[in-house]
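Q: Sequence first, predicted model second:
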Amino acid sequence: MTVKIGMIGLDTSHVSIFSKMLFDTDHPYYVPGARITAAFPGGSPDFELSMSRVEGYTKELAAWGTEILDRPEDVAKQVDAVMLVAVDGRTHLSLFRAIAPYCRRVFIDKPFAVTSKDAKEMIELAERFQVTVMSSSSLRYAQGLQDELARCGEGDIIGVDCAGPLPLQPTQPGLFWYGIHAAEMLYRVLGTGCESVHTAATEFHDVLTAVWKDGRIGTIRGNRAGNDRFGITIHRTEGSSFVDIMEHPKPYYASLLDQIMQMFTTGVSDVPLSETLEIIRFLEAANVSRETGETVRLDGYNMA
C-alpha cells in the first residue's frame, strides 16, 4: 500500500530534496512505497528566504502530480501522514494547530519551534489528539556520525565538540536558524540532561559551552567566517575521534528520510518530544546567554 504524504510549507529546499527521493525511481536513495499527494504552499511575507522560494518549489511539486491546496486542513484530510517543512519556525504552531485534530503522523522540520512556549503548546496538542510527532535536523542522522557511534559504542563518551556554520536571520531568533543543526548532533551523542549553557559571541563566531548534570561538557562552535562544513569530535575515556559530517557519500537528508518513513510506518518516533523540548529550551537559554554574557541554567529562567 502506498503511503499518501501531505507536505505543508513549500518554501525550503527540503521540498525538492524529499520529493525527488520519493518520486524519482532513478534517484540513488529512492524510497519506494510513498508519494506526496497533496500540499499547502504557505510562506512568510516578512521573511525573504521564505516568500522568494514558494512559487518555484510549488511548481516543482505540482510537476510530480501533487495536488496544491488552499489550506493545511485540506491537506491533512486527504493523506496518511504529514511533512510540515515550513522554513519559518515561527509558523509551526499555527500550522500544527490546524492539522492536529486530524490525527495524522507528523514530521516537523527543524526547528520544531522558536520558543519553548510554542513548543510546549505543540506537545500539548499532540498529546490531546494522540498525534505521533517527530522533529529533527538531518544532521542527527548523518551516516558518518551513526557509523562512529556504532563502531565505538556510546557508553564511555565523556564530552563532545560540534562545529558548523552559523549564519543569522533577523526573523529567526539568534541560534534557532542554524544552531539547531549542531545542537541536534550534540543531543544525539549526549542525550538529555543539560544543566547550563554559556555563549561567547563575536561578529564571526559563537561558542557555546554546555554542562550536563552528570558533569559531561559539550561545546558548539558556530562560525560566520567562511567554513561551511559540519564536524564533530567525540571524546571518550580512552581517546577522541573526529567525524567530518559531510564526507560520507550518503546524504544526511536520505538518512533523515529513512527515519521519517519508519515513523510514518510504525507510529513510533525515534526522538522523544521531551528531548525536542529540551533542545528548544537549550537554544533559548543559549540566546539569553548570547545577549547577557551570563551562564544560563535551563531550569533557571522564565520561558518566553
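A: Okay, I see it. Residues are numbered from 1 along each chain as shown.
Q: Tell me how far Gly164 lies from Gly231.
A: 7 Å (C-beta to C-beta, to the nearest Å). C-beta: built from backbone N, CA, C; applies to glycine.
Q: Would you mind listing the residues touching both of these two?
A: With C-beta atoms under 8 Å, 6 or more residues apart in numbering applied, the overlap between the contact sets of Gly164 and Gly231 consists of Ile245.
Q: Tell me where the stretch 1-150 of the chain has strands.
A: According to DSSP state E, counting those that start in this stretch, the stretch 1-150 of the chain carries its strands in the segments 3-8, 34-40, 67-68, 81-84, 105-109, 133-136.
Q: for these, which one sits closest to Glu48?
A: Closest to Glu48 of these, according to C-beta to C-beta: strand 105-109, at 18.7 Å.
Q: Was I right to think Gly193 contacts Trp212?
A: Yes: Gly193 lies in contact with Trp212 (C-beta atoms under 8 Å); the separation is 5.0 Å.
Q: More neighbours: which of the two?
A: Trp212 (17 against 14; other C-beta atoms under 10 Å).
Q: residue ranges with poor pLDDT in the stretch 51-200 of the chain?
A: The model of the stretch 51-200 of the chain has no residue with pLDDT under 70.
Q: How is the chain partitioned into domains?
A: 3-136+252-270, 139-250+281-297 (automatic domain parsing).
Q: Kindly check the end-to-end length of stretch 101-116 for me.
A: 22 Å (C-alpha to C-alpha, to the nearest Å).
Q: Could you do stretch 84-96 as well?
A: OK, stretch 84-96 end separation, C-alpha to C-alpha: 8 Å.
Q: Measure how far it is from the centre of its chain, please.
A: 12 Å (C-alpha atoms, centre = their mean, to the nearest Å).
Q: Could you pull out the buried residues of that stretch?
A: 84-93, 95-96 (16 or more other C-beta atoms under 10 Å).
Q: Take the residues you listed and write them to a markdown table, including distance to Tyr30.
A: Below are the buried residues of stretch 84-96 laid out as a markdown table (distance: C-beta to C-beta, whole Å):
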| residue | distance to Tyr30 |
| --- | --- |
| Leu84 | 23 |
| Val85 | 19 |
| Ala86 | 25 |
| Val87 | 25 |
| Asp88 | 29 |
| Gly89 | 29 |
| Arg90 | 33 |
| Thr91 | 30 |
| His92 | 28 |
| Leu93 | 33 |
| Leu95 | 28 |
| Phe96 | 29 |
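Q: what's the closest of these to Ala142?
A: Using C-beta to C-beta, Val85 comes nearest to Ala142 of the buried residues of stretch 84-96, at 18.7 Å.
Q: contacting residues for the closest one?
A: 7-10, 12, 14-15, 18, 107, 109.
Q: if you set the cut-off to 10 Å instead, what comes out?
A: For Val85, the contacting residues are 7-15, 17-18, 39, 42, 57, 92, 107-110, by C-beta atoms under 10 Å, 6 or more residues apart in numbering.
Q: ChimeraX command to pick out the buried ones of those?
A: ChimeraX command restricting these to the buried ones, with burial defined by 16+ other C-beta under 10 Å:
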select :7,8,9,10,11,12,14,15,17,18,39,42,57,92,107,108,109,110
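Q: is it fair to say Thr192 lies in a helix?
A: No: counting by DSSP: H, G, I helix; E, B strand; the rest coil, Thr192 falls outside a helix, being coil.
Q: Name all residues that make contact with it.
A: Thr192 makes contacts with 212-213, 272, 274-279, 282, as judged by C-beta under 10 Å, 6+ apart.
Q: Please render the residues you listed as a markdown table that adds secondary structure and pLDDT to the earlier fields.
A: Shown next, in a markdown table, are these (DSSP: H, G, I helix; E, B strand; the rest coil; pLDDT from 0 to 100):
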| residue | secondary structure | pLDDT |
| --- | --- | --- |
| Trp212 | strand | 98 |
| Lys213 | coil | 97 |
| Pro272 | coil | 98 |
| Ser274 | helix | 97 |
| Glu275 | helix | 98 |
| Thr276 | helix | 98 |
| Leu277 | helix | 98 |
| Glu278 | helix | 98 |
| Ile279 | helix | 98 |
| Phe282 | helix | 98 |
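Q: Export the residues you listed as CSV, with columns for distance to Gly155.
A: CSV is the format used below for the contacts of Thr192 (distance: C-beta to C-beta, whole Å):
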residue, distance to Gly155
Trp212, 15
Lys213, 17
Pro272, 20
Ser274, 22
Glu275, 19
Thr276, 24
Leu277, 26
Glu278, 21
Ile279, 22
Phe282, 23
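Q: Quick check: the farthest pair among the residues you listed?
A: So, the contacts of Thr192 by C-beta to C-beta: farthest apart are Lys213 and Thr276, at 18.5 Å.
Q: The two: which has the busier surroundings?
A: Between Lys213 and Thr276, Thr276 has the larger neighbour count (other C-beta under 10 Å), namely 26 against 11.
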